[in-house]
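Asks: quick one: sequence plus predicted model below, questions after.
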Amino acid sequence: MFDPREKIALFIDGANLYAASKSLGFDIDYRKLLKCFQQRGYLLRAYYYTALIEDQEYSSIRPLIDWLDYNGYKVVTKPAKEFTDSMGRRKIKGNMDIELAIDAMEQSEVVDHLVIFSGDGDFTSLVEALQRKGRKVSVVSSLATQPPMIADDLRRQADYFIDLQSLKSEIGRDPSERPARQASVSAAPSNDDDEDFDD
């Protein structure tokens, strides 16, 4: 699947990865995640995408974003929009698909293998375009959740599908390692299967 001579880039849909790992019952240790892929090839870039609610005085995801920014990740954020739906429920809209797709297409000029951490079927066309450029594409998501977190067409299009559950021992945070103050750090805008986000 991975060749140690390959240049690799990671593209992490933050809300999607958070929802998948939460459904599987573990937290991601982002330091271990970097090491995991550095052992598989030459890790050139690791991007993390998330929308932030700008008008909140304190965002529970802010400490994570700051940590990632200082520890080897290129963090890409944009303001999330808050609205009330027709049922009177508060919703948050903050889709990062376009930003991820543009960065992936640009990086395809210099990397051999792109790893997309998302099960969003909207990325199927992106995967196909990257493959036409002669690049390998792996998708990390989960079939182990109920319902599965990965769209079937995305899984079929990818060169390789990596079930997040299979990476748990390598990238999962041991609950005993988590400092008490980080209980809220792992919080991210939930996309509840993209109900609250644009598809």
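Replies: That came through, no problem. Numbers count the residues shown, from 1 in each chain.

Asks: neighbours of residue 138, how many?
Replies: 21 (other C-beta atoms under 10 Å). Quick note: C-beta positions are derived from backbone N, CA and C, even for glycine.

Asks: now the phi/psi pair for it, please.
Replies: Main-chain dihedrals, residue 138, degrees, to the nearest 10: phi -110, psi 150.

Asks: hey, what's it bridged with?
Replies: Beta-bridge pairing for residue 138 (DSSP bridges): residue 115, residue 160.

Asks: tell me where the model's unsure across the chain.
Replies: 55-58, 175-199 (pLDDT under 70).

Asks: tell me where it has strands.
Replies: Secondary structure of the chain (DSSP state E): strands at 7-13, 27-28, 42-52, 74-79, 81-84, 90-93, 113-117, 136-141, 160-163, 172-173.

Asks: ranking those by burial, who's on top?
Replies: strand 113-117 (a mean of 26; mean count of other C-beta atoms under 10 Å).

Asks: give me the contacts around that one.
Replies: 2-3, 6-13, 16-17, 37, 41, 100, 104, 107-108, 123, 126-127, 130, 135-141, 158, 162 (C-beta atoms under 8 Å, 6 or more residues apart in numbering).

Asks: so how far is it off the chain centroid?
Replies: 10 Å (C-alpha atoms, centre = their mean, to the nearest Å).

Asks: between it and strand 42-52, how big is the angle?
Replies: 30 degrees (axes from the mean of the first three to the mean of the last three C-alpha atoms, to 10 degrees).

Asks: residue 68 versus residue 12, what's the distance?
Replies: 9 Å (C-beta to C-beta, to the nearest Å).

Asks: then residue 52?
Replies: Taken as C-beta to C-beta, the span from residue 52 to residue 68 is 13 Å.

Asks: go on, residue 18?
Replies: Taking C-beta to C-beta, one finds residue 18 at 13 Å from residue 68.

Asks: over to residue 103?
Replies: Per C-beta to C-beta, residue 103 is found 15 Å from residue 68.

Asks: who has more neighbours, these two?
Replies: Per other C-beta under 10 Å, whichever of residue 103 and residue 68 has more neighbours is residue 68, with 22 against 19.

Asks: contacting residues for residue 149?
Replies: 16, 19, 20, 23, 119, 141, 142, 143, 164, 193.

Asks: need the residues touching each of residue 12 and residue 68.
Replies: With C-beta under 8 Å, 6+ apart as the test, residue 12 and residue 68 both reach residue 48.
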